[in-house]
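Asks: Following is a predicted model, sequence given first.
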Amino acid sequence: MFVVPENVEVESMRHIVVYDSDTSSLKDLGEAVRCAEVLAKVSLYPVFVVRGGYQKFSALYPFFRSFKIMYTIMELDNFEPYPVEIVVGLLYMADHNQARSPRMCEDLKISAMLNVSSTALNCKTTNHPILDVCLADSVTADLFSSLKRICVFIGSHVKKGSPVMVTSTHGISRCSAATIAFLMHHFKYPLEDAWKYLKKCKSNMRPNRGFVQQLSDWELHTTGQRSTDISEPNF
């Protein structure tokens, strides 16, 4: 039986992830699920179980493997989060600090970058192609005229199985809009479905209102109709 240690304040933990060696479903009665069920009774937030356990996770992301059990507060404060994975092994979203990290780009095997910002990326340590789309994060900025070029650039690499990183200064507005446009173009998603898909991957993604309107125009261009009501609060 799993018992929560008395000195562990589960209530104060925002993210709890449990894993064993190979749990593949919540219907499994393995140790990870039993542990998660106990933690869920005292946690204020959902408790997650890693699908496939350590075996699958470490096979997909070997650079995250660690034999370290405990981390100091200073180590946790200095931890550098990696870019957000949008399409497994193929498409990532990042801010400029992450995009300039040789280690992260090497770990993710990035083959090309799309930089949507008002400044060039200037990655001196990489030789992969970079498409710079000069654009301010403004409601009046013209993103629509670059969307076809953006989607063709990302798609040309993704179709070859080559990972692409989409980046902007903070990785929240411009690169979110570009990524949503690609999802609409590549998977033929309506705007609402592409929005929900990206929201699950990156909860703080937030294209500005001008970009949302242009994504609605892109929906009309790619699907032939406006099926998404962007006046809804979600947008």
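Replies: Happy to help now that I have it.

Asks: average pLDDT across the helix or strand hosting residue 186?
Replies: Residue 186 is located in helix 174-187, with elements delineated by DSSP states H and E. Averaging pLDDT along helix 174-187 gives 97.

Asks: residues making contact with that helix?
Replies: Outside helix 174-187, the residues that touch it by CB atoms under 8 Å, 6 or more residues apart in numbering are 86, 91, 93-94, 114, 116-117, 133, 135, 137, 143, 147, 150-151, 154-155, 158, 166-168, 189-191, 194-195, 197-198, 202, 205-208, 211-212, 214-215, 218-219, 222-223. The way it works is simple: take the backbone N, C-alpha and C, and place the C-beta from them, glycine included.

Asks: Distance-wise, check residue 183 relative to residue 118.
Replies: The spacing between residue 183 and residue 118, counted by CB to CB, to the nearest Å, is 24 Å.

Asks: and those two? which has more neighbours close in?
Replies: Just comparing residue 183 and residue 118: by other CB atoms under 10 Å the higher neighbour count belongs to residue 183, 22 against 15.

Asks: List the buried residues of whichever helix or strand comes after the helix holding residue 186.
Replies: In the C-terminal direction, the helix or strand that comes right after helix 174-187 (DSSP H and E) is helix 191-201. Judged by neighbour count using 16 or more other CB atoms under 10 Å, the buried positions of helix 191-201 are 191-195, 197-198, 201.

Asks: could I have helix 191-201 exported to CSV, CA atoms only?
Replies: In CSV, the C-alpha atoms belonging to helix 191-201 read as follows (Å, rounded to 0.1, in the frame of the first residue of the first chain):
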residue,chain,number,x,y,z
LEU,A,191,-9.3,27.5,-36.4
GLU,A,192,-11.2,26.3,-33.3
ASP,A,193,-9.7,22.8,-33.4
ALA,A,194,-6.1,24.1,-34.1
TRP,A,195,-6.5,26.5,-31.2
LYS,A,196,-7.7,23.8,-28.8
TYR,A,197,-4.8,21.5,-29.9
LEU,A,198,-2.2,24.1,-29.3
LYS,A,199,-3.8,25.1,-26.0
LYS,A,200,-3.3,21.6,-24.7
CYS,A,201,0.3,21.7,-25.6
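
Asks: Which strands and helices lie in contact with that helix?
Replies: strand 84-87, helix 174-187, helix 209-223 (3 or more CB pairs under 8 Å, 6 or more residues apart in numbering; DSSP states H and E).

Asks: pLDDT-wise, which helix or strand of the protein ranks last?
Replies: Every helix and strand of the chain was ranked by mean pLDDT, DSSP states H and E. The lowest is helix 73-77, at a mean of 86.

Asks: Pretty sure residue 166 sits against residue 92.
Replies: Yes. With contacts counted by CB atoms under 8 Å, residue 166 reaches residue 92, the gap being 7.1 Å.

Asks: so what sits against both of the two?
Replies: Common neighbours of residue 166 and residue 92, using CB under 8 Å, 6+ apart, are residue 86.

Asks: Domains in the protein, by residue range?
Replies: By the assignment in automatic domain parsing, the chain contains the domains 10-77, 84-223.

Asks: Beta-bridge partners for the spatially most central residue of the chain, please?
Replies: With distances taken as CA atoms, centre = their mean, the residue of the chain nearest its centroid is residue 84 (2.7 Å). Per DSSP bridges, residues listed as beta-bridge partners of residue 84: residue 93.

Asks: okay, it: pLDDT?
Replies: Among the per-residue scores, residue 84 shows a pLDDT of 97.

Asks: ok, it - contacts?
Replies: The contact partners of residue 84, taken as CB under 8 Å, 6+ apart, are 92-94, 171, 201-202.

Asks: Including distance to residue 43 and pLDDT, could the residues you listed go into JSON lines?
Replies: Output for the contacts of residue 84, formatted as JSON lines (distance: CB to CB, whole Å; pLDDT from 0 to 100):
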{"residue": "92", "distance to residue 43": "29", "pLDDT": "98"}
{"residue": "93", "distance to residue 43": "28", "pLDDT": "98"}
{"residue": "94", "distance to residue 43": "30", "pLDDT": "97"}
{"residue": "171", "distance to residue 43": "28", "pLDDT": "95"}
{"residue": "201", "distance to residue 43": "23", "pLDDT": "96"}
{"residue": "202", "distance to residue 43": "23", "pLDDT": "96"}
